[in-house]
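J.: task: produce atomic coordinates for the following.
(one chain, ligands or ions: 2)
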Amino acid sequence: MNLTLQILGAASAMPISDMNPSAQALRVHGRLLLIDCGEGTQQQMRRQHLSFLKVKAVFISHIHGDHIFGIFGVLSTMAMYGRTEALDLFAPKSFAPILKFYLSYFSEGMNYEINFHPLDCKQPELVYELRGVPVYAFPLRHKIDCFGYRFGDWYAYCSDTAPFPELAGWLQGVRTIYHETTYLREWADKAGKYYHSTTDDAARCARDAGAKHLLIGHYTSRVRDYGRFASECREIFPQTTAVRDGDVFEID
Ligand SMILES: [Zn+2]
Ligand SMILES: [Zn+2]
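T.: Ligands and ions are numbered 1, 2, ... in the order given. The predicted structure is shown next:
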């Protein structure tokens, strides 16, 4: 079985002209799972011909704006399309008051339920399953509560995180790993200060996890030549691709 991954946004928090902040769509048997929803997610879904009504669940890593500012437009547009099917939404428990606030102002005309699943796990935990693809959430190490997601043995999404020793073990058996590379290796001090990763950190994680393919993104806006991130990673893990908005990957 193949899963299709579409990159809706590969940038980090500072706005840049040709890339949106973090958002991805994973296609499983014709149904969609959204992974993070940075600003502009719904326009990116339009550009990439993704149906709002086929989204079964949304997986939010953490409540920094570059990962959630797009969810509100997505939820509203689903209502405008007449969605009636319930939507599963996974996020840290800190997302609860934000969702409540949104619904208190914008739920008029919404004819579907949002099943909110607050995350609070300390190690990988099975949280969802879609047509033979189990989804596990696992904690990352960021300034605030942050979670990665493992979609069976196909794909794992590691959002904003500092490196930590348990992560590669939790990712054993996953063929394609996305791992943030906010910084080039020369900025290791900044990565440590802000709980992010360098190219070296991401590449070591993929190598130690035994992955087949590493996808990287969430680049600092200070570097516009994204090939530099990939080049550094490839010194440690050759099968590295620096993703861009609009990229599509078949994952088997
Ligand atoms: Zn971020
Ligand atoms: Zn963050």
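J.: can you tell me the SS state at residue 79?
T.: helix (DSSP: H, G, I helix; E, B strand; the rest coil).
J.: gap between it and residue 39?
T.: Residue 79 sits 19 Å away from residue 39, taking CB to CB, to the nearest Å as the criterion. Heads up, the C-betas are built off the backbone N, CA and C, glycines and all.
J.: the two: who's more crowded?
T.: In terms of neighbours (other CB atoms under 10 Å), residue 39 is the more surrounded of residue 79 and residue 39; the figures are 24 against 17.
J.: touching, the more buried one and residue 69? I think so.
T.: Yes: between residue 39 and residue 69 there is a contact under CB atoms under 8 Å: 4.1 Å.
J.: ok, the helix or strand residue 89 falls within: who's next to it in the sheet?
T.: Under the criterion of DSSP states H and E, residue 89 resides in strand 87-92. Here strand 87-92 has these sheet partners by DSSP bridges: strand 55-59 (parallel), strand 114-119 (parallel).
J.: and that strand with ligand 2, contact?
T.: No: residues of strand 87-92 contacting ligand 2 under CB under 5 Å from the ion: none, with a closest distance of 11.3 Å.
J.: can I get whichever helix or strand comes after that strand in PDB, CA atoms only?
T.: Following strand 87-92 in sequence order, the next helix or strand is helix 96-106 (DSSP H and E). Coordinates of each C-alpha in helix 96-106 appear next as PDB, following Å, rounded to 0.1, in the frame of the first residue of the first chain:
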ATOM      1  CA  ALA A  96      -8.500  23.100  24.200                       C
ATOM      2  CA  PRO A  97      -9.200  26.800  25.100                       C
ATOM      3  CA  ILE A  98      -8.200  28.000  21.700                       C
ATOM      4  CA  LEU A  99     -10.700  25.600  20.100                       C
ATOM      5  CA  LYS A 100     -13.300  26.600  22.600                       C
ATOM      6  CA  PHE A 101     -12.700  30.300  21.800                       C
ATOM      7  CA  TYR A 102     -12.900  29.600  18.000                       C
ATOM      8  CA  LEU A 103     -16.200  27.700  18.400                       C
ATOM      9  CA  SER A 104     -17.700  30.300  20.600                       C
ATOM     10  CA  TYR A 105     -17.400  32.900  17.800                       C
ATOM     11  CA  PHE A 106     -17.500  30.900  14.600                       C
END
